[in-house]
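Chemist: Predicted coordinates and the sequence they were generated for:
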Amino acid sequence: MKVKKIGRGLLVLVPLLAVVIASLLFVGWHTVPSGTSAPVALENGWDKLTKQQPVAFQLQVAAKAQRPVLPTGCEITDVAMLLAFRGKPQSLTKIANEIPYTDDPETGFWGNPFTDTGYTMYPPAWRSYFEKHLGSFTDLSKKPVSTFRTELAQGKPIVAWVKMHGFPAHAILLTGYAQDNFVYNDPWTGKSDRRISGQQLWQRMASQHYRAMTY
């Protein structure tokens, strides 16, 4: 009699367990980078259901290419991606025409982003633009990469300045992470779903003094 009861209990428990696992996987895989393993997706699903920071996360941010419009306007293109993600699209040209221009990238864009003579425009100079169009601004410069994961998990893509493609100053848009890797959109190539390790990201940010920002 006891054996039969145990058998009936297992018949109920196994399908229920399968449903729970399938639900966790569905929730876990719904917002993680492509190629994420099942164990990570399972853990991610549990973290989301228990309202913990997920071990992997991906924001669906459409990629944009800076060329041919802004050959040296990578950070402007990142901001355009971010604005479109927030449902407030602006053209590259409109953003470029609205931002300030100075010979100090801390206060405005240095050079001309419509030509090869442009350099960059650092986070402090973006504050007023972000506050006007997005309602807030957060300077993440010199913050640890763990902070990047927290901001991404809160639904905020991050503009990060790096040394890449032979340029001393380039800016990419971080859109997600999975364990030790970050996922980003690259305005130079116009491609999304690029991968870089947290260590590599930190190393590439060094020459730009670890500058980054979000809203």
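Modeler: Yes, it's here.

Chemist: Helix, strand or coil: sort out residue 111 for me.
Modeler: coil (DSSP: H, G, I helix; E, B strand; the rest coil).

Chemist: and if you look at residue 177?
Modeler: On the basis of three-state DSSP, residue 177 is classed as strand.

Chemist: which non-adjacent residue is nearest it?
Modeler: residue 149 (5.2 Å; CB to CB, 6 or more residues apart in numbering). In short, each C-beta sits where N, CA and C put it, glycine included.

Chemist: Also residue 110?
Modeler: residue 119 (4.3 Å).

Chemist: just residue 137 next, same as before
Modeler: With sequence-adjacent residues excluded and distances taken as CB to CB, 6+ apart, residue 137 is closest to residue 130, at 3.8 Å.

Chemist: coming back round to it: list of residues touching the helix or strand harbouring the residue nearest to residue 177?
Modeler: Following DSSP states H and E, one finds residue 149 within helix 145-153. Contact with helix 145-153 is made by 53-54, 57, 59, 138, 140, 158, 160, 174-177, 182, 198, 201-202, 212, 214, as judged by CB atoms under 8 Å, 6 or more residues apart in numbering.

Chemist: Name the residues of it that are buried.
Modeler: 145, 148, 149, 151, 152, 153 (16 or more other CB atoms under 10 Å).

Chemist: show me where pLDDT drops low in the chain?
Modeler: 1-51 (pLDDT under 70).

Chemist: all strands for it, in order.
Modeler: 56-58, 138-139, 158-164, 167-178, 181-186, 191-197, 212-214 (DSSP state E).

Chemist: Mind giving me the packing neighbours of the fifth one?
Modeler: Using 3 or more CB pairs under 8 Å, 6 or more residues apart in numbering; DSSP states H and E as the contact criterion, the secondary-structure elements in contact with strand 181-186 are strand 167-178, strand 191-197, helix 198-205.

Chemist: Next: the second one.
Modeler: The elements that strand 138-139 packs onto, with contact taken as 3+ CB pairs under 8 Å, 6+ apart, are helix 123-133, strand 212-214.
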